[in-house]
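Participant: Here is a sequence with its predicted model. Questions after.
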Amino acid sequence: MLRGKNVLLAISAGIAAYKSAYLCRALIKKGAKVKVLMTPQSTHFIAPLTLSTLSKNPVTVEYFNSENGEWNNHVELAKWADFFLLAPATANTLGKMANGICDNVLLATYFSMEKPVYFAPAMDLDMYQHPAIKANINKLVEYGNRFIPAESGELASGLEGEGRMAEPDQIIERLEAEGQGKLQSKKLLITAGPTFEPLDPVRFIGNRSSGKMGYAIAQEAINRGAEVTLVSGPSDLAKPKGAMVIEVETAKQMFEAVKANFKAQDCLIMSAAVSDYTPKVVAAQKMKKKTDELTLELQKTDDILKFVGDNKRNDQFLVGFALETENEETNAKQKLEKKRLDLIVLNSLQDKGAGFSHDTNKVTFIDKDNNKVAFELKEKQQVAKDLFSELEKRWLD
Ligand code: CTP
């Protein structure tokens, strides 16, 4: 993917800027042409001379060359690039990008970009967790920028935790993976995990979904170059790297998150095990055991998938799941029709090793033209690969 590509490597002022030299060299080794942009402060961390020598191109730091007065044309730079890679991305530069502040040539070039922009944050762990910075990152992803998440490890401050810039090799791997496949740049909304419906402050009605299937689907989509928004019910799993994650608890919150995000998406994969019913009343205080019997009154939740099926555009592709214990195929086909899906993934609880909590699953895909493909029991990661090969044939061929 990188051979022959024009890459703008943008560097903001973080200690991880020392890794930018390696990144620059690695990009060139892969056959890319690199021009480097730096914020003025970043030159304290790494010398422009190092980067101009490695990239074999002048490094742009200021709007104009102070010696000959020549203007550094940010629009031309943006037009030249096939993509813009900001690594390291500091809290300050991310904040400006997210809020339209343009006080250096790196930012002016960013705002002129029409091609993909990647950003790899690097900061201390408390900064990385700060809600204002998280909000800026989310905003940038909403604007279509591609997030290369920071990793956990030892930080320059001496603390341990999340915030270390992704290693150059991993950044290169991500860029290469995105250059292949039909899912590249497609926007996918994926739901995963269970929903918890509260009864009182300490109890809820939930189900045994672990989120494994949905998380595997999200990771596979990212690996294939898709831009993934993952709406996740409660799950202990590590979040897929590179996904924008919206954490929810109840079916209602999941519905709101899907409604708010669906319009901008090319595809929805609804793998979450959404509760069909929720308590009619949520007790404000912990319910006390007063009687021998207790009857709970439940009411139906909104059918998220049906809502999307009824409101989707023709160019949006819709995938649902059906977990059945009897009349599997008939039930799955009915759901596919009722919810106006393009594809349904059927898993039966009668199959050993399939369904909730297992690392494996055994699925059958049924599409709206009634084509059926059944697969053997496989690791969920492999099932995710099968899903995308079936989905690509029907949607993107
Ligand atoms: N689903 C949804 N909203 C709900 C319930 C389910 O979007 N309130 C989605 C699930 O994520 C899944 C599909 O619908 O992709 C099928 O879910 P399932 O609960 O099996 O189907 P139901 O239509 O609720 O049918 P039933 O419970 O009668 O089997």
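Facilitator: Great, that's in hand. Numbering: from 1, shown residues only.
Participant: Not counting its neighbours along the chain, what's nearest the closest residue to the ligand within the stretch 51-200 of the chain?
Facilitator: In the stretch 51-200 of the chain, the residue that lies nearest the ligand is Thr191 (6.3 Å; CB to the nearest ligand atom). C-betas here are computed from N, CA, C, even on glycine. Excluding the flanking residues, the one nearest Thr191 by CB to CB, 6 or more residues apart in numbering is Ala272, at 3.7 Å.
Participant: The one you found and Ala177: what is the separation?
Facilitator: 26 Å (CB to CB, to the nearest Å).
Participant: What is the neighbour count of Ala218?
Facilitator: 31 (other CB atoms under 10 Å).
Participant: Okay, and it sits in which element?
Facilitator: helix 212-223 (DSSP states H and E).
Participant: same for that helix, what does it pack against?
Facilitator: Using 3 or more CB pairs under 8 Å, 6 or more residues apart in numbering; DSSP states H and E, the elements in contact with helix 212-223 are strand 187-192, strand 227-232, helix 380-395.
Participant: hang on, Pro198 packs against Val282?
Facilitator: Yes - here Pro198 reaches Val282: they are 5.1 Å apart, a contact under CB atoms under 8 Å.
Participant: where are the low-confidence patches of this structure?
Facilitator: Applying pLDDT under 70 to the chain picks out residues 179-180.
Participant: Now do the contacts for the spatially most central residue of it.
Facilitator: Computing the C-alpha centroid of the chain and ranking residues by CA atoms, centre = their mean puts Ala243 first, at 1.7 Å. By CB atoms under 8 Å, 6 or more residues apart in numbering, Ala243 lies in contact with 190, 218-219, 222, 228-230.
Participant: do the same with Gly161
Facilitator: 125, 128, 152, 155.
Participant: Any quick ChimeraX command for the buried ones out of those residues?
Facilitator: Buried members of the contacts of Gly161, defined by 16 or more other CB atoms under 10 Å, are picked up in ChimeraX with:
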select :125,128,155
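Participant: Columns secondary structure on top of the contacts of Gly161, output as CSV?
Facilitator: CSV is the format used below for the contacts of Gly161 (DSSP: H, G, I helix; E, B strand; the rest coil):
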residue, secondary structure
Leu125, helix
Tyr128, helix
Ser152, strand
Leu155, coil
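Participant: for stretch 247-262, which positions count as buried?
Facilitator: Those would be 248-258, 261-262, for stretch 247-262 by 16+ other CB under 10 Å.
Participant: CA atoms only: put it into PDB for me.
Facilitator: Taking Å, rounded to 0.1, in the frame of the first residue of the first chain, the C-alpha atoms of stretch 247-262 are listed here in PDB:
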ATOM      1  CA  GLU A 247     -20.100   2.200  26.000                       C
ATOM      2  CA  VAL A 248     -23.700   1.700  26.900                       C
ATOM      3  CA  GLU A 249     -25.500  -0.300  29.500                       C
ATOM      4  CA  THR A 250     -29.200  -0.500  28.600                       C
ATOM      5  CA  ALA A 251     -31.200  -1.300  25.500                       C
ATOM      6  CA  LYS A 252     -32.400   2.200  25.500                       C
ATOM      7  CA  GLN A 253     -28.900   3.700  25.500                       C
ATOM      8  CA  MET A 254     -27.900   1.300  22.800                       C
ATOM      9  CA  PHE A 255     -30.800   2.400  20.700                       C
ATOM     10  CA  GLU A 256     -29.900   6.100  21.200                       C
ATOM     11  CA  ALA A 257     -26.300   5.400  20.300                       C
ATOM     12  CA  VAL A 258     -27.300   3.600  17.100                       C
ATOM     13  CA  LYS A 259     -29.800   6.200  16.100                       C
ATOM     14  CA  ALA A 260     -27.300   9.000  16.600                       C
ATOM     15  CA  ASN A 261     -24.600   7.300  14.600                       C
ATOM     16  CA  PHE A 262     -26.300   5.300  11.900                       C
END
